[in-house]
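K.L.:
Got a sequence here, can you model it:
(2 chains)
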There are 2 protein chains.
Amino acid sequence: MITRRTALTAVAAASASPILTSAPSFAAAPPLAGTQAPSFFRYKVGDYEITAVGDGFLQRPLEGFVRNVDVADVKKTLVAQGLPDTHIRVPYTTLVINTGSKLILMDTGNGEFAAAPTTGRWMANFRAAGFTPEMVDTVIFSHFHGDHINGFRKKDGTAMFPRAEVMVPEAEWAFWMDEARMNAAPEAMKGAFKGVHFAFDPVAKDVTRYAWGKEIAPGITTVRADGHTPGHTAFVIASGKETMMFVADVTNTPILFARHPEWQVIFDMDPAQAILTRKRILDMASADRIRCAFYHGPFPSAGQVSRDAGGYRLDLIPLQDAI
Amino acid sequence: MITRRTALTAVAAASASPILTSAPSFAAAPPLAGTQAPSFFRYKVGDYEITAVGDGFLQRPLEGFVRNVDVADVKKTLVAQGLPDTHIRVPYTTLVINTGSKLILMDTGNGEFAAAPTTGRWMANFRAAGFTPEMVDTVIFSHFHGDHINGFRKKDGTAMFPRAEVMVPEAEWAFWMDEARMNAAPEAMKGAFKGVHFAFDPVAKDVTRYAWGKEIAPGITTVRADGHTPGHTAFVIASGKETMMFVADVTNTPILFARHPEWQVIFDMDPAQAILTRKRILDMASADRIRCAFYHGPFPSAGQVSRDAGGYRLDLIPLQDAI
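P.N.:
So this is what the prediction gives:
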């Protein structure tokens, strides 16, 4: 009697041998690939589709990175999370928000001004995600550090997002566009001022300068988050019954500064205020169970923050093949 | 005087306005994409390049998934990790090991036999990673459950990897190829036996049946890991000074069963032995700081296991744009 199994087996047996004997032979394995998949990941917030778009990372020595603790403590925190204790990798992750009627970009990455070959990958990842610069309706900036604004303008001075309206924190604008302050700034800081002018001077009369506590685009509300810079801003993003926050540089890497909100990264311009802001925002996200997207977390740099042993733990959204 | 800044500004200003006014206008944002980046991720172990290749996930109800605890406890464990408590997503992640001279595939995913549209994506991801089935020199199986072996043969009975030699655990072979045991099996289990025959009957005379504790390919040593199935096997993968383990189904999802090694997933055939194995392997990985790749973890399904509050925590390798 031919059962289903024996029938299947017969089919398989009949076809297998010729294939095995007629296969081409290779001398060796293919060369090592050395490359990763494009760095984008999508998730929904209500009706909105959010796409995290990565711009690679910068690898930094541990020495001098955290102002107020010993390197030994930094190492301990890394090892406790299964990470190497020889360096820290600081990634960059922007958000593209498709509301269904507008395509909104939150911060722009390093663009053509990448400081290392491990970064400067934003445009390739953005295009791999199916976007083009012409699609962007609105660019919203959290603050004016180079790794957030440099992608806004090409090296030749032309606009990267030709159709986009531009929204900036008014306190940030006031600080960086103050001519007297730039002239009085120490030499090491003058480049930051120049970068801001390079990005924004050509559109200075067109930018929208937003205040805190305002809904500046459908479902997107600004939240005071100063300390990292004078106008640094976080955002509540709400659609339908769902809410998330884009917390930008409320922490540098959450691996260190969510775990230890009282640690001071060298980039915080007002460290004491940055700590107050960090604790307030992370406490809100933890207590209200609001998903947070960070700018400098491990990809996809978004997940749930929870109070944990004197600081906050970040459980990343699991990567998966569907949304 | 023309400073560097004013020169840059002049260039930028001259070019910005025409671009802003001549841009095409769009009626609306692009349609929601609804798709993710291809699911592969690479890391090195010594000179070997490991590529995790995903096959999507199956979403399951919580009820009935863990044999020996209440659903309320399962929910608590999910929420503590920032996850929804309405279901569990069980992903599939195979490994491709490029030793430089051989391309070795560890388990094969669901192939053409996917049970849901969120899975059955393995071949697309494998090709996106730059591989073709003809490149595979060796397929090594951890055990004979369908989600590990079904990708080995097409529905029409032909071989998916036409050149590959095949290595299987001898205890697994003895169990599933025992005709008397299949005939005595309950009806619900007969499909599993038939699947094993469908996959392996055509190559039965050619497979290498391996024992535990043996180096079966350069740097790849088998480790006894029975309980999940009678011949279930883990692997130490060593190259140069680096070592990792592929632990396959030592846990189903580590989110539940590494956290709680004494919990019994419904798929463990000998639950008591599976718990002993789970504790032994995870304890070794934690004590010796050996990176583990799981088959059912959140992508990329590999990272460092650490003892934590009565169980084990898995810190995934951070995704990043370089290797």
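
K.L.:
Count the residues that sit near the residue of the stretch 51-200 of chain A found nearest chain B.
P.N.:
Of all residues in the stretch 51-200 of chain A, A:Gly82 sits closest to chain B, at 2.8 Å by CB to the nearest CB. C-beta here means a position set from N, CA and C on the backbone, and glycine is covered the same way. When neighbours are defined as other CB atoms under 10 Å in any protein chain shown, A:Gly82 has 18 of them.

K.L.:
can you tell me which helix or strand it belongs to?
P.N.:
For A:Gly82, there is no host helix or strand (DSSP states H and E).

K.L.:
residues touching it, list them.
P.N.:
B:303-304, B:306, B:315 (CB atoms under 8 Å, 6 or more residues apart in numbering or on different chains).

K.L.:
which ones among these come in contact with chain A?
P.N.:
Among those, the ones lying near chain A by CB under 8 Å from any CB of the partner chain are B:303-304, B:306, B:315.

K.L.:
are any of the residues you listed buried, and which?
P.N.:
B:303-304, B:306, B:315 (16 or more other CB atoms under 10 Å in any protein chain shown).

K.L.:
Quickly check those residues for the two that are furthest apart.
P.N.:
B:Gly303 and B:Ser306 (9.6 Å; CB to CB).

K.L.:
Need the overlap of contacts for these two.
P.N.:
Common neighbours of B:Gly303 and B:Ser306 (criterion: CB under 8 Å, 6+ apart): A:82, B:315.

K.L.:
what stretches of the stretch 151-300 of chain A score poorly on pLDDT?
P.N.:
Nowhere does the stretch 151-300 of chain A drop to pLDDT under 70.

K.L.:
Can you name the residues of it that neighbour chain B?
P.N.:
A:153, A:156-159, A:162-163, A:194, A:197-198, A:201-203, A:206, A:298-300.

K.L.:
longest strand anywhere in chain A?
P.N.:
When chain A is parsed with DSSP state E, its longest strand is strand A:48-60.

K.L.:
And the next helix or strand past it?
P.N.:
Following strand A:48-60 in sequence, per DSSP H and E, is helix A:71-79.

K.L.:
Which other helices and strands does the next helix or strand after that following helix contact?
P.N.:
Next in sequence after helix A:71-79, counting helices and strands by DSSP H and E, comes strand A:88-98. Packing contacts for strand A:88-98, counted by 3 or more CB pairs under 8 Å, 6 or more residues apart in numbering or on different chains; DSSP states H and E, involve strand A:48-60, strand A:103-106, helix A:122-128, strand A:291-294.

K.L.:
Could you list every helix and strand in contact with the last one?
P.N.:
Where contact means 3+ CB pairs under 8 Å, 6+ apart, strand A:291-294 is packed against strand A:88-98, strand A:242-248, helix A:271-287, strand A:302-308.

K.L.:
In CSV, list the ones you listed along with distance to A:Ala128.
P.N.:
Compiled in CSV, the helices and strands packed on strand A:291-294 are given as follows (distance: least, CB to CB, whole Å):
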stretch, distance to A:Ala128
strand A:88-98, 12
strand A:242-248, 21
helix A:271-287, 29
strand A:302-308, 19
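
K.L.:
A:Cys43 contacts A:Val96, correct?
P.N.:
If you look again at residue A:43, you'll see it is Tyr, not Cys. No - taking CB atoms under 8 Å as the definition, A:Tyr43 is not a contact partner of A:Val96, at 11.6 Å.

K.L.:
anything in contact with each of those two?
P.N.:
The contact sets of A:Tyr43 and A:Val96 overlap at A:Ile50 (CB under 8 Å, 6+ apart).

K.L.:
Between the two, which has more neighbouring residues?
P.N.:
When A:Tyr43 and A:Val96 are compared for neighbours, A:Val96 comes out ahead with 23 against 18, by other CB under 10 Å.

K.L.:
For that one, list each beta-bridge partner.
P.N.:
Under DSSP bridges, the beta-bridge partners of A:Val96 are A:Thr51, A:Leu105.
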